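Enquirer: Sequence first, predicted model second:
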Amino acid sequence: MSTDSKYKGYRGAALDTLKNFDVQVWSEVVVQSSRGEFTGIVLPRAETADKDHIVLKLHNGYNVGVVVGTITDIVEHGRKEAHYKIPEKEFPTDPRKPNVKLLGTGGTIASRLDYRTGAVIPAFSPGELYGSVPELADICNLDTEKLYGVFSENMGPEQWAGTAEAIGREIANGIDGIVVGHGTDTMHHTAAALSFMVQGTPVPIVMVGSQRSSDRPSSDAAINLINATRTAAEGKIAEVMVCMFGPTSDQYGLLHRGTRVRKMHSSYRSTFRTIGDIPLATVSREEFNYLREDYRHRRDDREVKINTAFDEMVSIVYYYPNMRPDIIDSLTDNGYKGIVIAGTGLGHVNKPLYPALKRAVAKGVVIYMTVQTLWGYVQMYVYDTGRDIMEIGVVPAANMLPEVAYVKLGWVLGQTTDPERVREIMLTPIAGEITEREPHNGYLIYQGGIPEVEDFISHYKK
């Protein structure tokens, strides 16, 4: 890898190509290749990058990698060294506006790309956020605190508890609303955890992230942050919520209840969807549109219950055909106290698992059944299979989402290990994780290619 600043990060064939055409990092170039012509700026490579690509930032703001084996010519037209620093301005305060606290755990709500490492660097101070998203000053007085700086896959019980405790402190200090910046991949897990660990909040707790980082022209970071901050400052709902894109455009954001939300697409900006229910509300620059009336309302008191106890010896098992009993046996033998199964259909697993499940229950492991369909309820009374599994001691978990059941079971086992008491708490709704019924208009899955769907989409404002 080249340490020369002229070829920062390039090595092998890519480095040779730059030298052969007498161009370097930050050169404005036109690249001719067998894949077409590309005009842009040669960017530094990440330290762990391969040796087969030259990376350009195109004029439209996107980055593209060009395979060096396809390149026939590169012509330099100038240099434009970039300094990717987010402008920082003093965040103005106004005593007439509500006070909002942004707690950071990681993610890319406001960020820049470090081309030396290829990492996204968050901008997080009030001044940086104001420099990036000046509209925030029209909404509230904003203060920030960085709790963690981790990718969301590294969030877990320790971070959930720390975030809950920080929320409790802010509520006690009189904050009007709280925003939690979080990576999107496990945001729904943290939303569920906070829904159980922070009960009876008097103010909105709004989780927010972005699917695309702020250096990309299609980033959803700014609009998500504006919508989340407006919800924390002005919204009526005092619950743990996730605020992200509603449609694929930026018309409005959706507010999802923390125990009924799930990330449903790996890259769409409108990735989060309420499952088994409908969202709480929409939020835009102009208005809130409350879609239901059963939410907990904002209050003026400072009362809240923080309970962060959590037993980490809980697992979630996704059942598949021909699953072998040693998977359940290994959890039992390794001291796990709780298992959540995402079963097929109405909540089923195969018969070869029965002895392992019976052994686990005999050793005091509590086991709860959910459905991998996500929509719908566990109905284990319908078929002999379900009734047999219940006789073993597996408990149906109504319409809890598998991830929510996993989080709740860990939280419940942090309170008690008595199976009957665990069952009582697990099956008693705390934060909307179990609903009496699914709404008739909740489950609507449109399948592209079908004539009536294509007709609907052709008339829909995208």
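Expert: Happy to help now that I have it. Numbers count the residues shown, from 1 in each chain.
Enquirer: What score does residue 435 have for pLDDT?
Expert: For residue 435, the model assigns a pLDDT of 95.
Enquirer: next one: residue 38
Expert: Reported pLDDT for residue 38: 94.
Enquirer: now the helices: where do they sit in this structure?
Expert: Along the chain, counting by DSSP state H, helices occupy 12-20, 126-132, 157-172, 187-197, 221-234, 326-333, 354-362, 384-392, 402-413, 419-426, 451-458.
Enquirer: closest one to residue 444 among those helices?
Expert: helix 451-458 (10.4 Å; Cβ to Cβ). Every C-beta, even on glycine, is put in place using the N, C-alpha and C of the backbone.
Enquirer: Provide the contact partners of the closest one at residue level.
Expert: 446, 447, 448 (Cβ atoms under 8 Å, 6 or more residues apart in numbering).
Enquirer: let's see 6 Å
Expert: Residues outside helix 451-458 that contact it (Cβ atoms under 6 Å, 6 or more residues apart in numbering): residue 446.
Enquirer: Pull the residues that contact stretch 301-320.
Expert: Contact partners of stretch 301-320, identified using Cβ under 6 Å, 6+ apart, comprise 157, 161, 164, 168, 171-172, 197, 199-202, 331, 335-343, 349, 402, 406, 409-411, 413-415.
Enquirer: In PyMOL, select just the buried ones from those residues.
Expert: Listed next is the PyMOL selection for buried residues among those, using 16 or more other Cβ atoms under 10 Å:
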select buried, resi 157+161+164+168+171+197+199+201+202+331+336+337+338+339+340+341+342+343+349+402+406+409+410+411+413+414
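Enquirer: ok so, going back, what would the helices of the chain look like in TSV with distance to residue 139 and mean pLDDT?
Expert: What follows is the helices of the chain, written out as TSV (distance: least, Cβ to Cβ, whole Å; pLDDT from 0 to 100):
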stretch	distance to residue 139	mean pLDDT
helix 12-20	45	92
helix 126-132	11	70
helix 157-172	17	98
helix 187-197	22	98
helix 221-234	5	92
helix 326-333	47	98
helix 354-362	51	98
helix 384-392	50	95
helix 402-413	30	98
helix 419-426	38	98
helix 451-458	34	81
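Enquirer: Most tightly packed of those?
Expert: Of all the helices of the chain, helix 187-197 carries the top mean neighbour count, a mean of 28, counting by mean count of other Cβ atoms under 10 Å.
Enquirer: Off-centre distance for that helix?
Expert: 11 Å (Cα atoms, centre = their mean, to the nearest Å).
Enquirer: Show me what that helix is packed against.
Expert: Counting contacts by 3 or more Cβ pairs under 6 Å, 6 or more residues apart in numbering; DSSP states H and E, helix 187-197 is packed against helix 157-172, strand 240-245, strand 261-263, helix 402-413.
Enquirer: out of the ones you listed, nearest to residue 57?
Expert: Closest approach to residue 57 among those is made by strand 240-245 (24.7 Å; Cβ to Cβ).
Enquirer: The top strand by length along the chain versus helix 12-20: what angle between them?
Expert: Looking across the chain with DSSP state E, the single longest strand is strand 71-79. Orientation of strand 71-79 against helix 12-20 (axes from the mean of the first three to the mean of the last three Cα atoms, to 10 degrees) gives an angle of 60 degrees.
Enquirer: same question for strand 71-79, mean pLDDT?
Expert: Across strand 71-79, pLDDT averages out at 92.
Enquirer: residues making contact with it?
Expert: Contacts of strand 71-79 (Cβ under 6 Å, 6+ apart): 21, 23, 26, 27, 28, 29, 30, 31, 32, 33.
Enquirer: Tell me the one among those residues nearest to residue 370.
Expert: residue 33 (50.1 Å).
Enquirer: tell me the least confident of the contacts of strand 71-79?
Expert: Lowest pLDDT among the contacts of strand 71-79: residue 26, 88.
Enquirer: ok, that one to residue 76 distance?
Expert: Computed with Cβ to Cβ, to the nearest Å, the distance linking residue 26 and residue 76 is 10 Å.
Enquirer: who has more neighbours, the two?
Expert: It is residue 26, of residue 26 and residue 76, that has more neighbours when counted by other Cβ atoms under 10 Å, with 18 against 14.
Enquirer: measure the more buried one to residue 74 for me?
Expert: Taken as Cβ to Cβ, the span from residue 26 to residue 74 is 14 Å.
Enquirer: do residue 255 as well
Expert: 49 Å.
Enquirer: before we move on, the earlier item: just the buried subset of the contacts of strand 71-79, please.
Expert: By neighbour count, with 16+ other Cβ under 10 Å, the contacts of strand 71-79 hold 21, 23, 26, 27, 28, 29, 31, 33 as buried.
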